[in-house]
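Undergrad: Predicted model follows, preceded by the sequence.
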Amino acid sequence: MSDTGAPLRQGIRFRLAGAAAATTLPWWADALLLPLVNIVVAFIVCGLVVWVFVGVNPLTIGLTMVDGAFGDANGVGTTFYYATTYIFAGLAVAVAAHAGLFNIGVDGQGQLAGIGIAVACLNMHSLPAILAIPAAMILGMAFGAFWGFIPGYLQARRGSHIVITTIMFNFIASALIQYLLVHVMMPVGEGEPKSAPFPPNTYLPMISDMLAPFGIDIDLTLVNLAFPISLVAAFLVWVLVWRTRLGYAMRTVGQNQTAAVYAGMSPTRIIILTMIISGALAGLMGINVLMGEQHKMIIDYTAGAGFIGIAVSLMGRSHPVGIVLASILFGALIQGGQELSFDNPIFNRDLIVVVQGMIILFVGALELLFRPQLVALFHLLKPRRSEGA
């Protein structure tokens with residue numbers, strides 16, 4: 001007996017396959033082109049706002065900001081200094097995101113890690129720098145990992161929502177640090193809540209000083225050893241997420257916990273480990289600011305970098321390469337905005353906040369706004385299958 005429904009089912013499968021192909025993009029378009037389109041639109045909208053409400057040519061503003069961020073060695077160094085902190089923050093957010101966790105506590109984890117860094121630095125006067133610096137990094141990562149472990153444990157074992165607990169732990173970390181700096185770590189006679197200065201053997205070397213022995217004389221200002229360390233961290237995160245069993249388990253748990261359990265994985269274990277790793281990465285923010293610039297522990301040294309890390313991770317599609325590029329963009333916005341405010345006092349930090357907000361809006365909340373148009377464009381450009389295919 002012939003199957004009269006076979007042609008119909010074949011036609012349905014063909015149409016479904018065509019629809020699936022029509023809604024997909026090449027990986028490079030999805031990971032690079034779509035975010036680039038969103039960023040360009042965000043800048044156009046910001047330019048129109050400035051033009052209409054301030055009456056200043058947005059092209060002039062843009063050129064001033066680009067020149068301030070990349071026009072000389074000082075601008076490049078400061079841009080990369082800010083970008084370094086954002087790389088660590090973005091990586092911390094991304095690692096958690098791959099396991100389906102929204103870690104909003106990166107800022108608090110980074111701040112508490114500063115206490116660990118300060119404790120290590122202030123008690124290693126006699127150690128050589130080659131030992132003191134790694135020891136301070138490890139203790140800072142340990143403090144950050146501990147502050148990430150607690151919300152991870154509460155999520156995995158008690159069912160507490162990770163977003164709520166990490167928000168709460170941001171405030172707890174801030175209050176705890178303020179208490180410790182004011183009542184425990186602040187030197188006698190000081191009026192500002194900060195620790196005693198770190199010994200010189202705990203200072204991170206400046207990139208300019210590291211290049212000098214090779215005959216490269218360039219003043220990159222604030223950028224220090226933390227920048228290449230952040231690039232190494234980005235590479236290690238890529239290896240972890242896409243080249244290890246743990247990374248595969250993290251992505252599986254993030255996509256479908258039921259499937260992970262069926263495959264013999266433990267979501268409880270993966271969630272806790274992921275938050276420990278995320279907190280440790282957040283703890284590395286302190287080496288750039290505290291060991292590379294301030295050389296002491298101060299209140300709110302992160303200056304909200306942990307929250308910018310969320311936008312960086314979104315823009316970078318939680319991929320280390322995208323996170324590095326997005327961090328450089330946000331670093332350029334900060335440095336370029338400072339130069340702009342020097343040249344045009346009418347523009348202050350609020351303008352940069354508006355630009356950042358627009359980028360976050362288009363890359364985050366409106367991430368897929370232009371995706372249908374890109375899909376349609378690629379579908380038109382794609383060679384059509386022959387009739388007999």
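TA: That came through fine.

Undergrad: What score does residue 313 have for pLDDT?
TA: Note on residue 313: pLDDT of 92.

Undergrad: tell me the contacts of it?
TA: 90-91, 93-94, 97, 323, 326 (C-beta atoms under 8 Å, 6 or more residues apart in numbering). Just so you know, the C-beta spots here come from the backbone N, C-alpha and C atoms, and that holds for glycine as well.

Undergrad: can you check residue 40 too?
TA: Taking C-beta under 8 Å, 6+ apart, one finds nothing in contact with residue 40.

Undergrad: For residue 359, see how far away it is.
TA: In this view, residue 40 and residue 359 are 10 Å apart by C-beta to C-beta, to the nearest Å.

Undergrad: ok, now residue 350?
TA: 15 Å.

Undergrad: which of these two has more neighbours?
TA: More crowded of residue 350 and residue 359, by other C-beta atoms under 10 Å: residue 359, with 25 against 10.

Undergrad: which residue packs closest to the more buried one, ignoring adjacent ones?
TA: Spatial nearest neighbour of residue 359, excluding adjacent residues (C-beta to C-beta, 6 or more residues apart in numbering): residue 42 at 4.7 Å.

Undergrad: Hmm, the one you found is touching residue 358, no?
TA: Yes: using C-beta atoms under 8 Å, residue 42 is in contact with residue 358, at 4.2 Å.

Undergrad: What pLDDT does the model give residue 120?
TA: At residue 120, pLDDT is 95.

Undergrad: Show me what the strand or helix carrying it is packed against.
TA: Element membership for residue 120 (DSSP states H and E) is helix 106-122. Of the remaining helices and strands, those touching helix 106-122 by 3 or more C-beta pairs under 8 Å, 6 or more residues apart in numbering; DSSP states H and E are helix 73-98, helix 129-153, helix 162-180, helix 267-283, helix 285-286, helix 305-315.

Undergrad: Could you pull up the mean pLDDT of the first one?
TA: Computed over helix 73-98, the mean pLDDT rounds to 96.

Undergrad: And for the fifth one?
TA: Summarised as a single mean, pLDDT over helix 285-286 is 94.

Undergrad: So which residues make contact with it?
TA: Counting by C-beta under 8 Å, 6+ apart, 85, 88-89, 110, 113-114, 116-117, 140, 301-302, 305-306 sit against helix 285-286.

Undergrad: The same query, at a cut-off of 6 Å, please.
TA: The contact list for helix 285-286 (C-beta atoms under 6 Å, 6 or more residues apart in numbering) reads 85, 88-89, 110, 113-114, 117, 140, 302.

Undergrad: what's the spacing between the residue nearest to residue 359 and residue 329?
TA: In terms of C-beta to C-beta, residue 42 sits 11 Å off from residue 329.

Undergrad: before we move on, what about residue 109?
TA: The value you get for residue 109 to residue 329, if C-beta to C-beta is used, is 23 Å.

Undergrad: who has more neighbours, those two?
TA: Taking other C-beta under 10 Å, residue 109 and residue 329 do not tie; residue 109 has more neighbours (35 against 20).

Undergrad: for the residue nearest to residue 359, helix, strand, or coil?
TA: Under DSSP: H, G, I helix; E, B strand; the rest coil, residue 42 falls in the helix class.
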